[in-house]
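# Just the structure for this:
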Amino acid sequence: MKRPCFIFLYILSLLSFALHDVNAGWSMPEEVIFPPSAPFNSTQSNIATGGNGNSVAIWYDVSDTETGIGILRGAVLPAGSVNNLGQPAWILTSQIAAGVQDPFDPVDQALGMDAAGNALVAWTDGNNNIFVSKLLAGQLTWTTPQIINVQLGSEIVQPPYVAVAPNGDAIVLWASSPYNYNYHLLSNTYDAQTNSWKGQVELLGGGLIQDSNINQVAIDANGNGVAVVSTPDNNVQAMAYHFASNSWTTIPPIITAPNDLGVTVAVDHAGNATLVWIDSTTGNVNAATLPFNQTTFTNQQQLSLSAAIEFPVVHTNAAGNALAIWSNDSGAISSARFSVSTGIWTALPDLDLGGNIASDLDLSVDAQGNAVAVWTISLDSGRFIQAASLGVTDSAWNLLTTLSAVDQNRFAHVVLTSRGDGVAIWEDDINDNSITGTIDSSIFLGMFSEVPLPPTGFVGVVIKNKFLNRTDRIHHLVWDASVDPTVVSYDLFRNGVLLSTFAAGSPSYVFEEHFRHKNRVDTYTLTSVNVSGVQSIPVIIMLK
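Below is the predicted model of the structure:
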């Protein structure tokens, strides 16, 4: 059958979206990310957001349906940018690359962004090369693709995972095999300070089971990381990465079970890792913590008593508190929160989906701990996308919202930007043939009021330097950076008057005022400021 033209499909899609109730602040979905010419073979999208509030999306335009080789494309959504209908106003970037191997796996994380808004994408071609390209903040042209792997010989290279730190450091992880079912796990790390790649490193040599769903990597604010991977003896193995030495340390395995556990990992800004997985015998969800620079797990806890049917997803906020979600077999989404202060996971009330089963879950958590989740609901008549939000002080999920019409929608992804906007994208598989479709999107402006986290460790002392005829009383102030990656500067006030503004980027700060009056109390107020100009709750000290 001849494929309908774009204009007809576009108008038809808008009409169908207009007939369905999109509420709670999400915009009417818009097919704004699409190949510039038919046929529409867009698939496997991904989205990331940076500290500047901008978001970047990528997707594969599969031009050769026999081999799965196609074109990697991208688009940028400037912070809070919408068209006259309130829909996200995406801007197409340059073509990222041709000759790209479609991963055929929506779990792969091929894209990341740092706090400054620079994006990094990784992919493999049909010739077993791992490529990377960058999109600098404010630009629309991707850098020339660069190969970062050294081939092991005649091999099969799996699609890579990407993790990007707030400072721009990044880890790319992939599996490679000269023989079927004898996979090596490899990585390469990007050093943002030197703008260079450190070189290929082997984590585990040979024998890895081919299951890219659980070969995952996460990174902290200093470039240290954690990878999890399945092994031939049915363990789930964790390895800790040390940025300074460019080396991996193997951690004694915590999980001994078949390799379909769906383990996911998240790392907080201090380098502590949270692992969440499914017990293959019971279907229950479990979690554990790997403290930074340690070789044993802590805080192991069972999170559910009912069977999970979807890989769990976990993310942390800036302080290291974690949120995990998963779909259970009773037609609901289950979730639990982890508190750093208590070391305990607490279950949240299930989000009832009316007996429908959720799949393709995705989750985004901001620095404060606010969260938004998206997923797919499948019916006999088709599939549609839903979303819900969870504020950091909320005791249950809310704003359950349907984002799309009942069509062939699937593989939703979501980000919560530094402006507090929710942005979701998903694949609309027009003919339900797994490779042909468009990428739809929706935006929720002001889902949360984003207030950046304050600086830490703000203290002051009075230093006296005595001279012959006078004494210099110095107010010596020091503080540490906020753990919030959206912070761009710090404002220091004395008695309500702005003294100075300090650019973010240093781990610690020092400020001194000379010849202060000994009989006067000075009140110093310090705030963090994010990219939108919003100030944090102030931290205050008084010196005399």
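# Domain map for this protein?
Following automatic domain parsing, the chain resolves into domains at 1-144+408-450, 148-355, 456-543.
# any idea of the mean pLDDT in the last one?
This points to domain 456-543. Mean pLDDT, domain 456-543: 90.
# From the contact counts, what lies against the strand or helix carrying L120?
In the assignment (DSSP states H and E), L120 maps to strand 119-124. Packing partners of strand 119-124 (3 or more CB pairs under 8 Å, 6 or more residues apart in numbering; DSSP states H and E): strand 69-77, strand 97-101, strand 111-113, strand 130-135, strand 161-164, strand 170-177. Bear in mind the C-beta positions are built from the backbone N, C-alpha and C, glycine included.
# Who are the contact partners of N83?
By CB atoms under 8 Å, 6 or more residues apart in numbering, N83 lies in contact with 30, 89.
# Can you tell me how far it is from D421?
Per CB to CB, to the nearest Å, N83 is found 15 Å from D421.
# in stretch 527-542, what's buried?
For stretch 527-542, burial by neighbour count (16 or more other CB atoms under 10 Å) applies to 527-532, 534, 536, 539, 541.
# Pick out whichever of those sits closest to P454.
Taking CB to CB as the measure, S536 is the one of the buried residues of stretch 527-542 closest to P454, at 4.2 Å.
# ok, back up a step: would you mind giving the domains of the chain as a markdown table with distance to V365 added?
Shown next, in a markdown table, are those (distance: least, CB to CB, whole Å):
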| stretch | distance to V365 |
| --- | --- |
| domain 1-144+408-450 | 7 |
| domain 148-355 | 4 |
| domain 456-543 | 12 |
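# Just want the angle from the strand holding L120 to strand 69-77.
Here the directions of strand 119-124 and strand 69-77 differ by 170 degrees (axes from the mean of the first three to the mean of the last three CA atoms, to 10 degrees).
# Walk me through which strands strand 119-124 pairs with, and which way each runs.
The pairing partners recorded for strand 119-124 under DSSP bridges are strand 111-113 (antiparallel), strand 130-135 (antiparallel).
# Tell me which of these lies nearest to V406.
Taking CB to CB, strand 111-113 is the member of the strands paired with strand 119-124 nearest to V406, at 28.4 Å.
# For that closest one, what is the distance to the chain centroid?
Mean C-alpha position of strand 111-113 versus that of the full chain (CA atoms, centre = their mean, to the nearest Å) differs by 7 Å.
# Neighbours of D279, how many?
Using other CB atoms under 10 Å, D279 has 16 other residues around it.
# Surely it touches N286?
Yes - using CB atoms under 8 Å, D279 makes contact with N286 at a distance of 5.9 Å.
# Which residues are in contact with each of these two?
Q302.
# related to what we said a few turns ago, need the helices and strands packed on strand 119-124 in CSV with mean neighbour count, can you?
Listed next are the helices and strands packed on strand 119-124 as CSV, based on neighbours: other CB atoms under 10 Å:
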stretch, mean neighbour count
strand 69-77, 23
strand 97-101, 19
strand 111-113, 25
strand 130-135, 22
strand 161-164, 25
strand 170-177, 26
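# With distance to D268 and mean pLDDT added, can I get these in CSV?
Formatted as CSV, the helices and strands packed on strand 119-124 follow (distance: least, CB to CB, whole Å; pLDDT from 0 to 100):
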stretch, distance to D268, mean pLDDT
strand 69-77, 26, 90
strand 97-101, 32, 88
strand 111-113, 16, 95
strand 130-135, 25, 96
strand 161-164, 13, 94
strand 170-177, 16, 90
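# Tell me which of those strands lies nearest to V267.
Closest to V267 of those, according to CB to CB: strand 161-164, at 8.0 Å.
# and P253, what pLDDT?
If you check P253, the pLDDT there is 80.
# hmm, who's touching the helix or strand harbouring it?
Applying DSSP H and E as the criterion places P253 in strand 247-256. Outside strand 247-256, the residues within contact range by CB under 8 Å, 6+ apart are 187, 201, 203-204, 227, 231, 233-242, 261, 263, 275, 277, 286, 288, 290, 295-297, 300.
# After the one helix or strand S327 maps to, which helix or strand is next?
If you go by DSSP H and E, S327 is part of strand 322-328. Reading on from strand 322-328 to the C-terminus, the next helix or strand found by DSSP H and E is strand 332-339.
# Now do that following strand against strand 322-328, angle only.
Strand 332-339 and strand 322-328 are oriented at 160 degrees to each other (the same axes, to 10 degrees).
# any chance of the strands paired with strand 119-124 in CSV, with distance to I463 too?
Shown next, in CSV, are the strands paired with strand 119-124 (distance: least, CB to CB, whole Å):
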stretch, distance to I463
strand 111-113, 42
strand 130-135, 45
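# Relative to W479, which of the ones you listed is closest?
Ranking the strands paired with strand 119-124 by distance to W479, with CB to CB as the measure, places strand 111-113 first at 26.6 Å.
# ok, what's across the strand from V226?
Under the criterion used (DSSP bridges), V226 bridges to A218, A240.
# Can you name the residues that contact it?
V226 is in contact with 217-218, 238-241, 265, 267, 273, 290, counting by CB under 8 Å, 6+ apart.
# Look at it and report its pLDDT.
Looking at V226, its pLDDT reads 94.
# And it, how far from F458?
According to CB to CB, V226 stands 31 Å off from F458.
# mind listing what the nearest residue to S196 once chain neighbours are set aside touches?
Of all residues not flanking S196 in the chain, Y190 sits nearest, at 7.6 Å (CB to CB, 6 or more residues apart in numbering). For Y190, the contact set (CB under 8 Å, 6+ apart) comprises 120, 132, 168-172, 196-198.
# Apart from its chain neighbours, what residue comes closest to S177?
Of all residues not flanking S177 in the chain, Y183 sits nearest, at 4.3 Å (CB to CB, 6+ apart).
# Thought A175 was touching that neighbour, still the case?
Yes - the criterion here is CB under 8 Å, and Y183 meets it with A175 at 4.4 Å.
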